[in-house]
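> need a structure here:
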Amino acid sequence: QVQLVESGGGLVQPGGSLRLSCVASGFTLDYYVIGWFRQAPGKEREGVSCISFTDGNTDYADSVKGRFTISRDSGKNTVYLQMNSLKPEDTAVYYCAYSAYWVGLNPLKYDYWGKGTLVTVSS
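Just a heads-up that it's a prediction; the model follows:
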């Protein structure tokens, strides 16, 4: 059973930075994709970024390009989301999710999800 555990959320001022971590375990495939998603109150869940563990291919939502960077540490089975120049509109619960295929940022295509970590951007 695939398990995902997020950490690193918190309260940060506008313009600040946070780094989220997602530790993945329980998978057996050599190729898989980890995506980061977020959901703000009253809004639908949206894709933020994703990365394939095998070749490091990445994708980003337009709203975070140039501000967020996704990376992986294969030895630790961990994916990071470095978030810089944070804005109040980035406030949301951030989730990581697992897919055995490259499916981009469509949350409906991911099979396993973590419980999320809350990011609040406010002064």
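> Could you check the pLDDT of residue 114?
According to the prediction, residue 114 has pLDDT 97.
> hang on, isn't it packed against residue 5?
Yes - contact criterion Cβ atoms under 8 Å: residue 114 and residue 5 qualify, at 5.8 Å. Glycine gets a C-beta too; all of them are placed from N, C-alpha and C.
> what touches both of the two?
By Cβ atoms under 8 Å, 6 or more residues apart in numbering, residue 114 and residue 5 have these common neighbours: residue 22.
> more neighbours, these two?
residue 114 (22 against 14; other Cβ atoms under 10 Å).
> out of everything not next to it in sequence, what's closest to the more buried one?
Excluding its sequence neighbours, the residue lying closest to residue 114 (Cβ to Cβ, 6 or more residues apart in numbering) is residue 4, at 3.7 Å.
> Specify the beta-bridge partners of the one you found.
residue 24 (DSSP bridges).
> Give me the most central residue, this structure.
Centroid check for the chain by Cα atoms, centre = their mean gives residue 36 as the closest residue, at 2.1 Å.
> Great, nothing more from me.
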